[in-house]
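Undergrad: can't give you the sequence, but here's the structure:
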């Protein structure tokens, strides 16, 4: 892969992305008859941004705790009540406030915390209280939810899919390639403050490059040690014990390491494990506990230390082979749940060549997980520098085909048919001439038994599958919607998100109960959204078919990103009418919000190959 350098890389500001369900919960807590809500979560996960979005356009007073004012009476409420006021007097001063946002409540002074508690007890003011996990909070604040005065929403770190959406919206039109998105998500672990800081540093230092023959941008090279990065890793960089620091750096340059390695200091390891800085798995392999720590330790090391600790090519090869064997073993056991692969990710981050054999296995693992853009990216890594590995080219073609671009798949393979595919071995016999459109589609995609099931022809798989894949074929042959949903749940548990989405989509047609069909469609849509642009024949069953002509028109416009007001202006309707049509469409389709609509209206109808 080569990069074309350009000054224009990533741009801010960043939009509010994802969190639709959480946003509705918070807004719902502020409606009539509700007293508010407490939002907790790790630092940087977007709590303040969420509540700010929830109260946008409303009359809402705001207060916030700070470390510097924790000892000052009523410091957070200084703009609303006199500092000399009693608790009762402060309460009376706030009698006219109907909605109050309390940010960083764990940093409130005791008087302010008591005042918030009293407001919750009396229930006249709707409260939005934001506090950080793991930080000591005044008892008056923690009792808001432990005493059941207010419901609590525990905000999880932003998942990978929504992180990708956020990066797409915050990149000023620049499209980041999947391995860069994965790297940023892996380093930040849902910490949006850190993510924004890292992306800003990468942009300012012009560390991205355009991927050749693509409109995507990639970030390779060291992690910038910014002030925020330094703050997040100070407990690692500032270790004073020489043995502990040496152990951390050895892991940073060569993890995972075996526990019985002579160079590892066991007492230092025990201390690091007690402080949750290292993790020892059941096989005795030692890894750093947080993905950010290794890159930061490498970036902070001097050249001589880095030269001493870095893996030699002889050491890197066996470690990479071990990762490849572990991935292959997972595939053979039909278990593609995410697993740590630090060696391959380190090679990509350092812009080092990735062996084609390893890249092909990584691509297949990602494709089986439904991560199609990531699968294509790994396949391209194996084909860089002029290589033409057939396994990587096949994986690139299959990722294109499952993204709905069959012509590109044939072009990648130079017009040759492509076998090998989902989970079984390539078929040895071709279908007969009168097999029909389904047989021809099976042959065109992969020609494998399980792919026949995915394409709706389970009779082609009789006696050729085992386990959950055989159960899928049997349920589809019997038209058993409940069994198909159960198969989908098992596939999802094993990490096969695309296959699970397809099984739920097939269940939609099999269910006789409209409610069960809507539930299956909702699950199929939710899983398909996580599959990075998958466009397969099974998913084409999610296309609209139950709506009125006006509902289809409005839903199609909503799926393109238009707001209710923009749709109303375009169709000369009232905003209320547009909202009512969308609400009815959601109910019929089993969709929870407009984020699901692109998967329902843009999926192509299956065509015979």
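TA: Everything's here; your move. Keep in mind that what you see is a predicted model, and the values were worked out from it rather than measured.
Undergrad: how about the helices of the stretch 251-400 of the chain, start to end?
TA: Assigned helices in the stretch 251-400 of the chain, in chain order: 266-274, 293-300, 303-309, 313-332, 342-349, 356-368, 372-383, 390-402 (criterion: DSSP state H, counting those that start in this stretch).
Undergrad: which other helices and strands contact the second one?
TA: Looking back up the chat, that one is helix 293-300. helix 234-237, helix 242-254, helix 342-349 (3 or more CB pairs under 8 Å, 6 or more residues apart in numbering; DSSP states H and E). Quick note: C-beta positions are derived from backbone N, CA and C, even for glycine.
Undergrad: again with the last one
TA: Counting contacts by 3+ CB pairs under 8 Å, 6+ apart, helix 390-402 packs against helix 356-368, helix 372-383, helix 406-412.
Undergrad: Helix or strand with the lowest mean pLDDT in this structure?
TA: One helix or strand of the chain scores below all others by mean pLDDT, DSSP states H and E: helix 436-445, with a mean of 37.
Undergrad: how about the residue of the chain most remote from its centre, secondary structure?
TA: Going by CA atoms, centre = their mean, the residue of the chain most distant from its centre is residue 84, 48.6 Å out. Using DSSP: H, G, I helix; E, B strand; the rest coil, the structure places residue 84 in coil.
Undergrad: Would you quantify the distance from it to residue 93?
TA: 12 Å (CB to CB, to the nearest Å).
Undergrad: Would you mind saying which of the helices and strands packed on helix 390-402 lies nearest residue 480?
TA: Nearest of the helices and strands packed on helix 390-402 to residue 480, taken as CB to CB: helix 356-368 at 24.5 Å.
Undergrad: What residues sit buried inside that closest one?
TA: With burial defined by 16 or more other CB atoms under 10 Å, the residues of helix 356-368 counted as buried are 356, 358, 359, 360, 361, 362, 363, 364, 365, 366, 367, 368.
Undergrad: can you pull the contacts of the third one?
TA: Residues in contact with residue 359 (CB atoms under 8 Å, 6 or more residues apart in numbering) are 378, 379, 381, 382, 383, 389, 392.
Undergrad: Now it. Nearest residue, chain neighbours left out?
TA: Closest residue to residue 359 apart from its sequence neighbours, by CB to CB, 6 or more residues apart in numbering: residue 382 at 2.9 Å.
Undergrad: okay but that neighbour is in contact with residue 392, surely?
TA: Yes. If you go by CB atoms under 8 Å, residue 382 and residue 392 touch, sitting 3.6 Å apart.
Undergrad: Give me the common contacts of these two.
TA: Residues touching both residue 382 and residue 392 by CB under 8 Å, 6+ apart: 356, 359, 360, 363.
Undergrad: so the third one makes contact with residue 393?
TA: Spelled out, it's residue 360. No. Residue 360 is beyond contact range of residue 393, at 9.1 Å (criterion: CB under 8 Å).
Undergrad: Can you work out which residues contact both of those two?
TA: residue 379.
Undergrad: Could you dump the contacts of residue 359 into CSV with pLDDT, distance to residue 317 and neighbour count added?
TA: As requested, the contacts of residue 359 are exported to CSV (pLDDT from 0 to 100; distance: CB to CB, whole Å; neighbours: other CB atoms under 10 Å):
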residue, pLDDT, distance to residue 317, neighbour count
378, 95, 18, 29
379, 94, 21, 29
381, 91, 17, 25
382, 92, 16, 26
383, 90, 20, 21
389, 89, 17, 17
392, 93, 18, 26
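Undergrad: how about JSON lines for those, with distance to residue 73 added?
TA: Below are the contacts of residue 359 laid out as JSON lines (distance: CB to CB, whole Å):
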{"residue": "378", "distance to residue 73": "58"}
{"residue": "379", "distance to residue 73": "63"}
{"residue": "381", "distance to residue 73": "60"}
{"residue": "382", "distance to residue 73": "64"}
{"residue": "383", "distance to residue 73": "66"}
{"residue": "389", "distance to residue 73": "70"}
{"residue": "392", "distance to residue 73": "66"}
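Undergrad: what's the most distant pair in those residues?
TA: Once CB to CB is applied, these give 378 and 389 as the farthest pair, at 11.7 Å.
Undergrad: how about the nearest residue to residue 338, chain neighbours excluded?
TA: Distances taken as CB to CB, 6+ apart put residue 495 closest to residue 338, at 7.1 Å, once the chain neighbours are dropped.
Undergrad: Run a quick neighbour tally on the one you found.
TA: When neighbours are defined as other CB atoms under 10 Å, residue 495 has 19 of them.
Undergrad: Mind pulling up the pLDDT for the closest residue to residue 475 other than its chain neighbours?
TA: Residue nearest to residue 475 in three dimensions, not counting chain neighbours: residue 483, with 3.6 Å by CB to CB, 6+ apart. Predicted confidence (pLDDT) for residue 483: 97.
Undergrad: One more: the one 4 residues further on?
TA: Residue-level confidence at residue 487 comes out at 97, pLDDT.
Undergrad: who are the neighbours in contact with it?
TA: Contacts for residue 487 (CB under 8 Å, 6+ apart) come out as 468, 471, 472, 475, 503.
Undergrad: Can you pull the domain assignment for the chain?
TA: Using automatic domain parsing, the domain parsing of the chain gives 3-13+159-229, 20-154, 247-310, 314-412, 436-541, 543-601.
Undergrad: what's the straight distance from one end of the longest one to the other?
TA: Using CA to CA, to the nearest Å, the span of domain 20-154 from its first residue to its last is 15 Å.
Undergrad: what's the spacing between the residue most central in space within the chain and residue 49?
TA: Closest residue to the average C-alpha location of the chain: residue 160 at 1.5 Å, with CA atoms, centre = their mean. Distance, residue 160 to residue 49, using CB to CB: 18 Å.
Undergrad: quick one: low-confidence ranges for the stretch 151-300 of the chain?
TA: Within the stretch 151-300 of the chain, the segments meeting pLDDT under 70 span 169-174.
Undergrad: Kindly report the same for the chain.
TA: 1-14, 169-174, 312-314, 386, 414-447, 541-547, 586-609.
Undergrad: Would you state the strands of it in chain order?
TA: Here the chain has its strands, by DSSP state E, at 3-4, 36-41, 61-64, 99-103, 126-132, 152-154, 175-176, 208-211, 216-219, 257-258, 278-280, 285-288.
Undergrad: So what are the sheet partners of the third one and their directions?
TA: Paired neighbours of strand 61-64 in the sheet (DSSP bridges): strand 99-103 (parallel).
Undergrad: got the angle for the partner strand vs strand 36-41?
TA: Here strand 99-103 points in a direction 20 degrees away from that of strand 36-41 (axes from the mean of the first three to the mean of the last three CA atoms, to 10 degrees).
Undergrad: Buried residues in stretch 303-312, which are they?
TA: Residues of stretch 303-312 classed as buried: 306, 309 (neighbour count, 16+ other CB under 10 Å).
Undergrad: Could you shift the numbering so residue one becomes 441, and keep it that way?
TA: New numbering, starting at 441: the last item is stretch 743-752.
Undergrad: contact partners of it?
TA: 689, 690, 692, 693, 694, 738, 741, 759.
Undergrad: got it, and stretch 527-538?
TA: 499, 501, 514, 517, 520-522, 525, 540, 551, 554-555, 558-559, 562, 564-566.
Undergrad: Just the buried subset of the residues you listed, written out for ChimeraX, thanks.
TA: Here is the ChimeraX command that selects the buried residues among those (16+ other CB under 10 Å):
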select :501,514,517,520,521,525,540,551,554,555,558,559,565,566
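Undergrad: The contacts of stretch 527-538 in helices, which ones?
TA: 551, 554, 555, 558, 559, 562 (DSSP state H).
Undergrad: With adjacent residues omitted, what lies nearest to the last one?
TA: Spelled out, it's residue 562. residue 531 (7.7 Å).
Undergrad: and that neighbour, how many neighbours?
TA: Burial of residue 531, expressed as a neighbour count using other CB under 10 Å, amounts to 19.
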